[in-house]
Structure formats: structure tokens, C-alpha cells
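# here is my input; please provide its structure:
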Amino acid sequence: MAEIKLDLFRRFGDLATDALASHREEIDALNVFPVPDSDTGTNLYLTIAAARDRLREFTGPDWRDGLRAFSRGALLGARGNSGVILAEMIGALLRRLVLATEEERTATVFADALRKAGNAAYAAVGEPQEGTMLSVLSAAADAAVACVDSDDTARTRDVMSVAAGAAREALARTPDQLPTLAAAGVVDAGGRGICVLLDAFETALTGRRPSPQVPMPSTPHIPIPTVLGAADGHALEPGGPAYEVMYLLDAEDAAIPDLRKRLQPLGDSLVVVGGEGIWNVHVHVDDVGAAIEAGIDAGRPHRIHVTHFAEQIAGQTHPHATRSGRAVIAFAAGPGLAELFRGAGAIVIEGGPRRRPTTSELLEAITASGAAEVIVLPNDVPTRQSGEAAARTAEDDLDIDVAVIPTRSQVQGLAAIAVHEPGRKFDKDVLEMTATARHARHGAVTISNTRAITMAGPCMPGDALGVLDGDFVKVGQDLETCATYVLARLIGGGGELVTLVSGLEDPTGELAEAVAAWLAANHPAVDVMVYDGGQERYPLLMSVE
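Next comes the predicted model:
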């Protein structure tokens, strides 16, 4: 049962991210409330992608910890008003699932979880409005609770199907609840996003894609405007706040009520969500300094993001106007590797096996680069998926040319950036870097922390493991034997240059020196470069070109 729950959310994370990617532009076009900044679909997409990314990295045995990771990913990666509200909905829903007992019916738990998600979202918003994602989720929760109350045999899939249908019906009513929507001839953008997410959850449960029973916003019944206000100079409500302020806040839970009281009179669209010492704060204001100072008095604000709405909308109209040049963004798994990438001219995002960059962080790096052309070196498989998601968003929203080089390891990234040439045409530079990365055969050694069966045979905790192109090929008693075995396999296919990168578990470089000596004795014509990478988990990384 526990594994089914976690697998369910893994499927949901993938399906929801793909669904919001497909519907992102449609939802952005519906965005007229609270500010017509055409980013609701993008913000929902980036928030759910961050949750999915965090769950992908989770490898622990307890499914409850996996759900907490999913929730934390949404909280830390939330973007915009809609994203922060979604993060609170997800957090409340998963907290209910984590607290479920064996005696409770699964269908009843999910229905109650939807109800708690809706209640938490209303409580988090400073001035809740009907006709928004709040009322759409509330209608879905009411229908789910009514389903289990009236039918003792209802299954979880029945509950979610009923909830998704009620959400679609509630979405169609949103123009009757909000005059702003009626005037624009659209349904609520956030509510449309909730429908997409509930449909994705139903698909994760059943494998079926639900058939809408009410007109969707893409039909002539509920038209989508092609331009929302920007053309006539009235994109923002007259007299409304000019800035969106967001930050993460490390603060005691007891400090949050006073924070809300200070932020409430500064503007509107106030949402403060989180708990257990970490909060995501969102508000629309004119006085940016006052909003940030309130956070400083409450705790430690960080990842502060300020958006001037007028500039944002101008950027949507002329997104490419102020960008120039080319940038390379690289994920580095250790401080030494970070310095190597920086030395080669890259913008670096540092992390490790348990701290990979999210889609949102990669998109922020692409945006902040100021470049018209961006090359991303993900340097591992999960980061490549996040990079491709960020690249699609940057290309569609900001008209930035983004290429993600399919580097699967840190050493492939080093090989790729070594041939980077900003003076070349963008396509040729990408082609050359991609070809070099693919031709760089790579391996590593690590130490087993569990009992397992590998392609090279069984291993026990403490065994040395040799890795070749991502697969275990050697189980041994010492790292040097495994490393020379892997390198012999790599060099057997030919090559002129070997790169060795020592990690945290080889602090003096003794292992790297021993392998370099083996190479000099057995393949004296091959050049070798040795670096201190400082990466976790892998005492030595290797590549052959």
C-alpha cells in the first residue's frame, strides 16, 4: 500500500507536469485576475515541476518522507500568486495523507485531504475571492466528500473522478462570480489549472484520460482573448500595486501572524504559506522595501524576487529587445568542479546528488543571464529533464534560444565546455559541444551503502563499485582496483586524453595519483589531466576522449 501511494505521486508528478506544459499557454492567456500578467499557467507549471523534481530525487524507504519531499519541492519552487496557493494546497493534502491510519478507507482519506487542501488555501490568502482556483478546488472537495458520504463502496478513483467533474463545472461558473472574468469573456486561469491537475490525478489513478462534460475554455462557448490589455495601455488595474514581491522566509511559526498583519495593508494578493520554519511569501505592493523589511523583522528572507508588472508586460511584448550574447549554464556537483566550469566561462549552479537544480532554478538562471542564446550543461540525467523543461519555458515566454546539451556526467560537461566557442554560430557551437560530450566515454568509482544485486554481481555495504557509462561493472574490495578496471575498459576503445576528477572521499588526491600512475605505466602515450572536484559520493570520476 505504501509503495502504491508513492508510485501514484510519481506518476502524478510526471503527468501533471506534462499536462501543464501542454496547457500553459492556454492558461496564461486566460490570466486577467488578480493582475493580467499572463503567467498563471507558467507559474503553476514551474511549481508542480519543482515538486516532481524533488520527489524524483527521493530514495528513502518511508513513503511518508517521499510525500513530504513532494510538498517541500512545491513550497520551495512555488512561483507567483497561483503557484504559492498551489503549494499550500499540495502541502495540506499531503499532510492529511501522511496522517492517515490503516483503519481509514483510502477513498475517505483522499476526499478529506481535498477538503483540507481547499480550507488551507482559503486560510492562506489575505482576501479570498470566489470565482478563482479557491472556489474551483472547494467545489471539487465538496463533491468528493459527498461521494464517500453517500456511497460506502466508493473507491478512490470514483472520488477523484467526481471531484474532477465538479471542478470543471465550477470553472464554467467563474465568470458569473468575478466581473473581471465576465468582462474579458474568460474563465479563471488558476481554476483552469486546478482542472488540469485533477484530471492528471485521475489519469494517474486509472490510466484513463477523462472526457470533459462541460465546455472547456478553448471552445467558442468561453473564448480566449489573444491580447489582454497590453495593446491599449491598460494592462494593470488603475491604482493597483505596481510590484510583485516574493521571498522564502526562515522564521518561527509564531512570527507569521504579525507578518501577515504588516503585509496586509501594503497591497493585495497576499499569500503566506509553509510551516516548520520555512515559508513562501507573496504580495503585490507599491512599497517593495516595506514588504522586505517586514520579512527581515520576522526572520531571514532569501531568494527575494521582485517583478515590476509594467516591465514584465513590456517584456512579453518585446522579450528579445534587451538580450544579447551567449551564456553557458552548468550544474556542478562539487566546489572544485564549480571552479572549473566558472574558469571556462560558465554560469554555475552548485549542488550534489541530493541537491540538484529544479526547473525553476534553471529558468531563473537562464533569465538572469541576460543572454539571447543560452547553452545548458545539466551533467546528469535528472537535471537534463529539468533543463529541458526550463528551456521550453524560456523559449516560449522570453524568446531566448536555449539548447540543452545531453551531458550525463560532470566529466562530459567538462569536455563539452572545453570546445565552447562564443564566436561560432549558435547552432555550430551546440553541435560541436554535443558531439564532444557524446564522444567522451565516462566512468567512476563509488562505495556501496546497501546490500544489492548489480549487473556485476551482488554487493554489500562498504564494497567498492566500478561504474561505466552509468552501469555497475565491477564489485571489489578497494577503490583503486575498481578504478583501474573501469579505466582499462574506457581506454580499450582508444583515446588520447584521460581526465580524472577526485572527490570528497579522496581529499588528498591519493586515489587519483595512483590511477594516473597506472595509466602512465600501461598507456604512456595517453595524456592525463587530474583535478580536485570535491564531488560527493564518487571518490573518482573518469573520462576518455
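# let me see the domain layout of this structure.
2-222, 241-307, 326-439, 441-544 (automatic domain parsing).
# centre of the chain to the shortest one, how far?
It stands for domain 241-307. Here domain 241-307 shows a centroid-to-chain-centroid distance of 22 Å under the convention Cα atoms, centre = their mean, to the nearest Å.
# how about the longest one?
Distance of domain 2-222 from its chain centroid, counting by Cα atoms, centre = their mean, is 17 Å.
# report the rounded mean pLDDT for it.
Looking at domain 2-222 alone, the average pLDDT works out to 86.
# tell me the contacts of Asp463?
Asp463 sits next to 447-448, 475-477 when contact means Cβ atoms under 8 Å, 6 or more residues apart in numbering. C-beta coordinates here come from the backbone N, C-alpha and C atoms, glycine included.
# check this protein for its longest helix and report it.
Here the longest helix in the chain is taken by residue count, with DSSP state H as the criterion, and it is helix 2-30.
# in that one, what counts as buried?
Applying a neighbour-count criterion of 16 or more other Cβ atoms under 10 Å, the buried positions in helix 2-30 are 5-6, 9-21, 23-24, 26-30.
# give the next helix or strand downstream of that helix.
Past helix 2-30, further along toward the C-terminus, the next helix or strand under DSSP states H and E is helix 40-57.
# next, the angle helix 40-57 makes with whichever helix or strand comes after that next one.
Note on helix 40-57: by DSSP H and E, the next helix or strand toward the C-terminus is helix 63-77. For helix 63-77 against helix 40-57, the angle between stretch directions is 140 degrees (axes from the mean of the first three to the mean of the last three Cα atoms, to 10 degrees).
# which strands and helices sit next to helix 63-77?
On a contact count with 3 or more Cβ pairs under 8 Å, 6 or more residues apart in numbering; DSSP states H and E, helix 63-77 meets helix 2-30, helix 40-57, helix 80-98, strand 278-285, helix 359-368.
# out of those, nearest to Gly299?
Using Cβ to Cβ as the measure, strand 278-285 is the one of the helices and strands packed on helix 63-77 that comes nearest Gly299, at 7.8 Å.
# return the set of buried residues in that closest one.
Under the neighbour-count criterion of 16+ other Cβ under 10 Å, strand 278-285 has 279-285 buried.
# now do stretch 513-526
Neighbour-count burial for stretch 513-526, with 16+ other Cβ under 10 Å as criterion, is recorded at 514-516, 519, 523, 526.
# return the subset of those residues lying in helices.
514-516, 519.
# looking at those, which is nearest Cys147?
Proximity of those to Cys147 was ranked by Cβ to Cβ; the top entry is Val515 with 62.7 Å.
# what helix or strand does the closest residue to that closest one other than its chain neighbours sit in?
When the adjacent residues along the chain are set aside, Val515 lies closest to Ala483, with 4.9 Å between them (Cβ to Cβ, 6 or more residues apart in numbering). Using DSSP H and E, Ala483 sits in helix 479-491.
# give the next helix or strand downstream of that helix.
strand 497-502.
# what about the residue lying closest to His305 once chain neighbours are set aside, how many residues nearby?
Sequence neighbours aside, Met246 is the residue nearest to His305 in space, at 4.6 Å (criterion: Cβ to Cβ, 6+ apart). Applying other Cβ atoms under 10 Å, we find 22 residues neighbouring Met246.
# doesn't Trp279 make contact with Met246?
No - with contact defined as Cβ atoms under 8 Å, Met246 does not reach Trp279; the gap is 11.2 Å.
# okay, and the beta partners of the residue nearest to Glu88 when sequence neighbours are not counted?
The shortest distance from Glu88 to any non-neighbouring residue, by Cβ to Cβ, 6+ apart, is to Val273 (3.7 Å). Each beta-bridge partner of Val273 is listed here: Asn280, as defined by DSSP bridges.
# for Val273, which residues are in contact?
Val273 makes contact with 75, 78, 84-85, 87-88, 91, 124, 279-280 under the criterion Cβ under 8 Å, 6+ apart.
# quickly check these for the two that are furthest apart.
Largest separation among the contacts of Val273 by Cβ to Cβ: Ile85 and Trp279, giving 13.8 Å.
# any idea how far the helix or strand hosting Arg392 is from the chain center?
Taking DSSP H and E as the definition, Arg392 sits inside helix 381-398. The gap between where helix 381-398 is centred and where its chain is centred comes out at 10 Å by Cα atoms, centre = their mean.
# quick one: list the elements packing against that helix.
When contacts are defined as 3+ Cβ pairs under 8 Å, 6+ apart, helix 381-398 sits against helix 2-30, helix 40-57, helix 359-368, strand 373-377, strand 401-404.
# mind doing that once more with 6 Å?
Secondary structure elements in contact with helix 381-398, counted by 3 or more Cβ pairs under 6 Å, 6 or more residues apart in numbering; DSSP states H and E, are helix 40-57, helix 359-368, strand 401-404.
# what helix or strand is Tyr538 on?
With DSSP H and E as criterion, Tyr538 is part of no helix or strand.
# same deal with the one 5 residues further on?
Taking DSSP H and E as the definition, Ser543 sits inside strand 540-544.
# let me have the contacts of Asp463 in CSV, extended by secondary structure and distance to Arg392.
Listed next are the contacts of Asp463 as CSV, based on DSSP: H, G, I helix; E, B strand; the rest coil; distance: Cβ to Cβ, whole Å:
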residue, secondary structure, distance to Arg392
Ile447, strand, 37
Ser448, coil, 37
Val475, strand, 40
Gly476, strand, 43
Gln477, coil, 46
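# which of the residues you listed has the largest number of neighbours?
Val475 (19 neighbours).
# in contact with it, which residues are there?
Contacts for Val475 were tallied using Cβ atoms under 6 Å, 6 or more residues apart in numbering; they are 456-457, 459, 463.
# at 10 Å what do you get?
Shown in contact with Val475 (Cβ atoms under 10 Å, 6 or more residues apart in numbering): 448, 452, 454-460, 463-466, 482.
# reduced to three states, what does the closest residue to Ser502 other than its chain neighbours come out as?
Counting by Cβ to Cβ, 6+ apart, the nearest residue to Ser502 once its immediate chain neighbours are dropped is Ala512, at 4.2 Å. Three states are possible here, and by DSSP: H, G, I helix; E, B strand; the rest coil the one that applies to Ala512 is helix.
# okay, now Ala512: neighbour count?
A count of nearby residues for Ala512, using other Cβ under 10 Å, gives 24.
# hang on, the earlier thing: CA atoms only: put the helix holding Arg392 into PDB for me.
Written as PDB, here are the backbone C-alpha positions of helix 381-398 (Å, rounded to 0.1, in the frame of the first residue of the first chain):
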ATOM      1  CA  VAL A 381      20.100  12.700 -16.300                       C
ATOM      2  CA  PRO A 382      17.600  14.100 -13.800                       C
ATOM      3  CA  THR A 383      18.900  17.700 -14.300                       C
ATOM      4  CA  ARG A 384      18.700  17.200 -18.000                       C
ATOM      5  CA  GLN A 385      15.000  16.700 -17.700                       C
ATOM      6  CA  SER A 386      14.600  19.800 -15.600                       C
ATOM      7  CA  GLY A 387      16.800  21.700 -18.000                       C
ATOM      8  CA  GLU A 388      14.600  20.800 -21.000                       C
ATOM      9  CA  ALA A 389      11.500  21.900 -19.100                       C
ATOM     10  CA  ALA A 390      13.200  25.300 -18.300                       C
ATOM     11  CA  ALA A 391      14.400  25.600 -21.900                       C
ATOM     12  CA  ARG A 392      10.900  25.200 -23.300                       C
ATOM     13  CA  THR A 393       9.500  27.900 -21.000                       C
ATOM     14  CA  ALA A 394      12.300  30.300 -21.800                       C
ATOM     15  CA  GLU A 395      11.900  29.800 -25.500                       C
ATOM     16  CA  ASP A 396       8.200  30.200 -25.400                       C
ATOM     17  CA  ASP A 397       7.900  33.100 -23.000                       C
ATOM     18  CA  LEU A 398      11.100  35.100 -23.400                       C
END
